[in-house]
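Trainee: Generate a structure from the sequence data that follows.
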Amino acid sequence: RAGEDARPAMRGARTENICAVNDPVVGFHVDGVPRNRFAQAMHPFVDLERVEVQRGPQGTLVGRNTFGGNINLVSRAPEQAVDFDLAGTFGAYARQRLDGFVNLPLGDRAELRIAGLVDRRDGFIENTGSGPDIWDERLGYLRASVRVRPADNVEILGRVSRWSQGGIGQGDFGLQVLGTLRDPDTGRISLTGVLDPASSRRGSQGAPADSPYRLGRDAALTRDNLENAGSIEATWRVSDLRVRSTTAMSAFGSLRQNDGDFSANVHALEHLDEEADSFTQEVQVASSDP
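Mentor: Modelled structure (predicted):
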């Protein structure tokens, strides 16, 4: 990852420039529906059936932005059974995480499944500046799925989900600058010099530079991600063929701010306000499942 953006690599291919105007070279999909922005690839892994990792160019079957490969999260579909689960995690830095699901049949030809996650944690990278600690978590996720079989050879699966992520997070923070190489005799910057941990780039307020868990930022970091998504997958089996139509939409917004100068100066703020709405329609014709 780079800050709040995912940066996966496959077969030596990775995205070198993470910004709002660039596209990834490793695709990321949820239930076969693309999530084309880097921050969307930090999508929560909740109540999954499997994770598909497809190496190599996948443009023929998957589409754009898959030169290096593709990652697809496949969520569990509703089943004809009463089932439920709840798991909790509690730890340091006020960590509190609850995730679970409930599955209910709705007659003989329909079923409902609801899955969710709540995750809270205080920041564990100490900020010696005036801002709050970094890398906290304020995450919420909810997904509802309904499957209906109006006929023996017809199946309709609908999903809606909402993912929100707030708090400070990392902002765009990715690296801790430990100091500057200087000539010990002249004090000038030199590539052949020794590391000077007293560099102003190591952080404001006299932050020590010898730990990646302690830094100085004079401006508060910001993270505010929100994604609403939905899809309808209709499958029709006739003779030896399977025809599947997938209609999907997603609306994603991300607001992030970072202290970009690594010092006590207040003039260098990095600000990213990104919105991405997408609509996809796909039709597949294949041989029937055995």
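Trainee: Check the average confidence over stretch 3-23, would you?
Mentor: Across stretch 3-23, pLDDT averages out at 75.
Trainee: mind listing what's buried in it?
Mentor: For stretch 3-23, the neighbour count (16 or more other C-beta atoms under 10 Å) marks 3-8, 10, 13, 15, 18 as buried. Backbone N, C-alpha and C define where each C-beta goes, glycine included.
Trainee: where's the residue lying closest to Thr222 once chain neighbours are set aside, which helix or strand?
Mentor: With C-beta to C-beta, 6 or more residues apart in numbering as the measure, Gln257 is the residue that lies nearest to Thr222, at 4.0 Å, once sequence neighbours are left out. Using DSSP states H and E, Gln257 sits in strand 241-259.
Trainee: who's in contact with the very next helix or strand once past that strand?
Mentor: Sequence-wise, the next helix or strand downstream of strand 241-259 (DSSP H and E) is strand 269-287. Outside of strand 269-287, the residues within contact range by C-beta atoms under 8 Å, 6 or more residues apart in numbering are 20, 32-34, 36-37, 39-40, 171-172, 219, 240-260.
Trainee: Mind giving me the PyMOL select for the residues you listed, buried ones only?
Mentor: PyMOL command restricting the contacts of strand 269-287 to the buried ones, with burial defined by 16+ other C-beta under 10 Å:
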select buried, resi 32+33+34+36+37+39+40+171+172+219+242+244+246+247+248+250+252+253+254+256+257+258+259+260
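Trainee: just for this structure, where's the confidence low?
Mentor: Low-confidence segments of the chain, defined by pLDDT under 70: 16-21, 171-179, 197-212, 216, 260-267, 289-290.
Trainee: and the spatially most distant residue from the centre of the chain, which of the three is it?
Mentor: Distance from the centre of the chain peaks at Asp185, with 47.2 Å (C-alpha atoms, centre = their mean). Here Asp185 is recorded as coil under DSSP: H, G, I helix; E, B strand; the rest coil.
Trainee: Report the separation between it and Val194.
Mentor: Look at Asp185 and Val194: by C-beta to C-beta, to the nearest Å, they are 10 Å apart.
Trainee: Tell me where the stretch 51-200 of the chain has strands.
Mentor: Along the stretch 51-200 of the chain, counting by DSSP state E, counting those that start in this stretch, strands occupy 69-75, 83-91, 95-105, 110-121, 126-127, 137-151, 154-166, 180-182, 194-196.
Trainee: All good on my end, thank you.
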